[in-house]
Each structure stands twice: as C-alpha cells, then as structure tokens.
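In: sharing a sequence plus its predicted fold:
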Amino acid sequence: MASKPIVVVTGASGYAAGHVCKLLMESNKYTVRGTVRSKSPSKTGYLESIGVELFEGCDLMKANSFDAALKGAKYVHHMASPFFFEAPNGDGMNFITPALEGTKNVLSSAKRAGTIERIILTSSCAAVTWADPTPKGTAYIWSEDDWQTDNTLENVAYRMSKSLAEREAWKLSQELNIEMVSICPSFILGPVLNSRADAASVSFMESLIDGSTESVSAAAFGIVDVRNVAQAHVNAMHVDLSLNGLRNSSGEARFVLSSEDSIPRENIAKALLQSNEFQGWPVPKKSDGPPLQSLLYSNERARKYLNVNFINFKDSIVDGCKSLVDHGIVVAGRNSKL
C-alpha cells in the first residue's frame, strides 16, 4: 500500500493552522506534520489528539530549523507568523524581521527537501489594502491585483510585514522554482479548537463577552470565517493553476478571503446581542463613534477557483464565542443559555 503524501503545516498550534490540520486529518488522505516552537497542553494537545506529528524547535528566526519537518514532504502550508494588534514593545521590526526571515527560512528548507510540489502561503489582506483607502477612493474594490505599498514603518508595521513577506515569498519561489499559492484573509473569526487565547482574533471575541468593555471601537473591517480559511488552504493544494483567470494581472496565484464589505465592530456586537445564546451576557451595546471609513473587497476568485462558500459573519461570531465558553476561555454567566 502506497504511503500517504506528507503535508507540513508551519505554526500548527495557531488559530487558523489548527483548522487546516483538522481538515487534512479528517480527509484521511495525508500524513500531517505540524511545526511548533514548543509543546504544551493548551497549544498542542488538540493536535496530538487528532494524530498530527509535531516537530518542536521550529523557529522562524533559525535557519535550517524546518529541515527535518519538511524532509520528504509534498506540500507545505506556511502559516507561522506573528499577529498582534500592536507591535510588541512598540517596535515595528518585531513584526517585520520574523515575517521576512521566516519566509526565507521555510522556503530554503523546502528547496533543500527537494520533494515539495507546492507551498500555500498564508498572507493577509493587509498585504493587499492600504490602511487608508483614500488614495484609491472609498468606492474602490480591492482585489488580488492590489498590493499594500505604504511601506512606512510608523502605524502600519503589520501591513508592511505581510506585504514584504509575501513579495519575498513570490521572489524566492520563482528563484527556487517552487510552485506557490498565497491566501490573503481579512480579519478571521469563528470557533477555536483549543484553550489557547493569545491570538488577536480570540482576544477580540473574548472582549465582546467577558464584560471587560462597555463599548466597541468605531473600526470596521473585512471578516472571514476560520473554517473558510482552512478550506481555502486545503483546496489550494490541488487547484489547477493554469485555469484561465485564476492568476492576477502579474501572474501570481493570490486569493483574497473576505466579506465583500467591511463590517463595523458595532454590527458584530449586535449579532451577539440578537442571538439566543448570548442573551444576558455583558456584550457591549454601544460604539465609540460612527464607523470609520471602510474598504470593499472582491472575493470572486476564491469563490470560483477555491470553491469557498463564505459563512455569514453573524454565524462566525456566535460560533466563535460559543467555542470560547466550551474551551473555558470565558466562563458562562448565570444568565447564560450556554
């Protein structure tokens, strides 16, 4: 009996990466390896329970640290990357250096492996859109043809890190002759798979139901469900990259994953207030002000070529917050129906 092809997921203990591992294992078609810096019950217990083979000591900043995990593999989902709302210690280079070095180190390991047929890179809509949409106008629809080019470190360190890292990945994949697809999700919501609570998405959902705030900020952003992100990654492994119209105007196989409209945070909170599950919970009932200028997105390529059927943000936030209670991240109140 032929052995199953090996798929590696970097940063496997992460929020979205765990869902990719879950789908891959449920398919029963692959041997799944996950790279992590270290093991702990809260971070890696779920992965071990479903049979993911874990490789410790894989550090974005350490050359060759991914070599063992990628040996003999056929596909790589490169999902390891830092994501915080603000730069750690206020230093934007804490975003940029790991993102760039990690991209170089993982792709270099893939080349040394000699067996990798395709890399699926997790990028971000932050690599696509400007922080301020004014240069293109508020009616402009952002797509895979666009790149975030406001590469000034102040205030946009995360966007800059994602843009530079994805560009570097495309450059290296061409130089190393490795096929690549990039997935560009907007802000991810939806259920968690473990009790790890350090992801920005998890912190945001937690803040809506733990009573820590009485109002939400006026921000609005594109939203995508973590289950859609995982399905897009898995489907990207086998999509025919020669299909007419799949690539962008520069010939890159990029896919934007987002709601078509930006969703105000106030509307996200309202979805919880209107749900049966969160009646009586301390969900914020007001916003700090009117919604800020928002962006529009095209998700046509993801729908057409990756067969993504986008989940409504209301289901994403309710399912996500329910999972926080299920995993003990937030304790249900006495008025809860959960």
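Out: Yep, it's here.
In: which neighbouring elements make contact with the helix or strand hosting residue 162?
Out: Residue 162 is part of helix 157-176, with elements assigned from DSSP states H and E. Here helix 157-176 touches helix 93-113, strand 118-122, strand 180-185, going by 3 or more Cβ pairs under 8 Å, 6 or more residues apart in numbering; DSSP states H and E. For glycine as for every other residue, the C-beta is placed from the backbone atoms N, C-alpha and C.
In: give me the sheet partners of the next helix or strand after the shortest one and which way each runs.
Out: Counting by DSSP H and E, the element after strand 118-122 in chain order, helix or strand, is strand 141-142. Here strand 141-142 has these sheet partners by DSSP bridges: strand 296-297 (parallel).
In: now mean pLDDT, mean neighbour count and distance to residue 204 too, for the helices and strands packed on helix 157-176, in TSV please.
Out: Putting the helices and strands packed on helix 157-176 into TSV (pLDDT from 0 to 100; neighbours: other Cβ atoms under 10 Å; distance: least, Cβ to Cβ, whole Å) gives the following:
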stretch	mean pLDDT	mean neighbour count	distance to residue 204
helix 93-113	87	21	18
strand 118-122	98	25	18
strand 180-185	98	26	14
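In: is it possible to get TSV of those that adds distance to residue 310?
Out: Shown next, in TSV, are these (distance: least, Cβ to Cβ, whole Å):
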stretch	distance to residue 310
helix 93-113	26
strand 118-122	18
strand 180-185	11
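In: of those, which is nearest residue 76?
Out: strand 118-122 (4.7 Å; Cβ to Cβ).
In: distance from the closest one to the middle of the chain?
Out: Here strand 118-122 is found 12 Å from its chain centre; the criterion is Cα atoms, centre = their mean, to the nearest Å.
In: could you do stretch 119-139 as well?
Out: 14 Å.
In: what about residue 271, distance to residue 288?
Out: 18 Å (Cβ to Cβ, to the nearest Å).
In: now swap in residue 97 and tell me
Out: For residue 97, the distance to residue 288 - Cβ to Cβ - is 33 Å.
In: who has more neighbours out of residue 271 and residue 288?
Out: Remark: of residue 271 and residue 288, residue 271 carries more neighbours, 20 against 14, as counted by other Cβ atoms under 10 Å.
In: quick check: residue 235 vs residue 120, distance?
Out: Distance, residue 235 to residue 120, using Cβ to Cβ: 10 Å.
In: residue 311 now?
Out: Applying Cβ to Cβ, the value for residue 311 to residue 120 is 20 Å.
In: go on, residue 316?
Out: Distance, residue 316 to residue 120, by Cβ to Cβ: 22 Å.
In: what of residue 237?
Out: Taking Cβ to Cβ, one finds residue 237 at 6 Å from residue 120.
In: which neighbours do these two have in common?
Out: With contacts taken as Cβ atoms under 8 Å, 6 or more residues apart in numbering, residue 237 and residue 120 have residue 75 as neighbours in common.
In: which other helices and strands does whichever strand or helix holds residue 26 contact?
Out: Here residue 26, judged by DSSP H and E, is contained in helix 15-27. With contacts taken as 3+ Cβ pairs under 8 Å, 6+ apart, helix 15-27 sits against strand 6-10, strand 31-35, helix 41-49, helix 226-236.
In: if we go to 6 Å?
Out: If you count contacts as 3 or more Cβ pairs under 6 Å, 6 or more residues apart in numbering; DSSP states H and E, helix 15-27 packs onto strand 6-10, strand 31-35, helix 226-236.
In: dump it to CSV, keeping only the CA atoms.
Out: Extracted as CSV, the C-alpha positions of helix 15-27 are listed here (Å, rounded to 0.1, in the frame of the first residue of the first chain):
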residue,chain,number,x,y,z
TYR,A,15,-5.8,29.6,15.4
ALA,A,16,-6.2,29.1,11.6
ALA,A,17,-3.5,26.5,11.3
GLY,A,18,-5.2,24.2,13.7
HIS,A,19,-8.3,24.2,11.4
VAL,A,20,-6.1,23.3,8.4
CYS,A,21,-4.7,20.4,10.3
LYS,A,22,-8.2,19.3,11.3
LEU,A,23,-9.4,19.2,7.7
LEU,A,24,-6.3,17.4,6.5
MET,A,25,-6.6,14.7,9.2
GLU,A,26,-10.4,14.3,8.6
SER,A,27,-9.7,13.7,4.9
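In: which residues sit against that helix?
Out: By Cβ atoms under 6 Å, 6 or more residues apart in numbering, the residues outside helix 15-27 that reach it are 7, 9, 11-12, 30, 32, 34, 47, 50-52, 77, 79, 188, 193, 199, 201, 226, 229-230, 233-234.
In: repeat for stretch 257-269
Out: By Cβ under 6 Å, 6+ apart, stretch 257-269 touches 125, 185-186, 208, 216-217, 219-224, 229, 232, 283-284, 287, 291, 294-295, 297, 299, 302, 313, 317.
In: can you pull the pLDDT of the residue nearest to residue 96 when sequence neighbours are not counted?
Out: Once flanking residues are discounted, residue 96 sits nearest to residue 161: 4.4 Å by Cβ to Cβ, 6 or more residues apart in numbering. For residue 161, the pLDDT comes out at 81.
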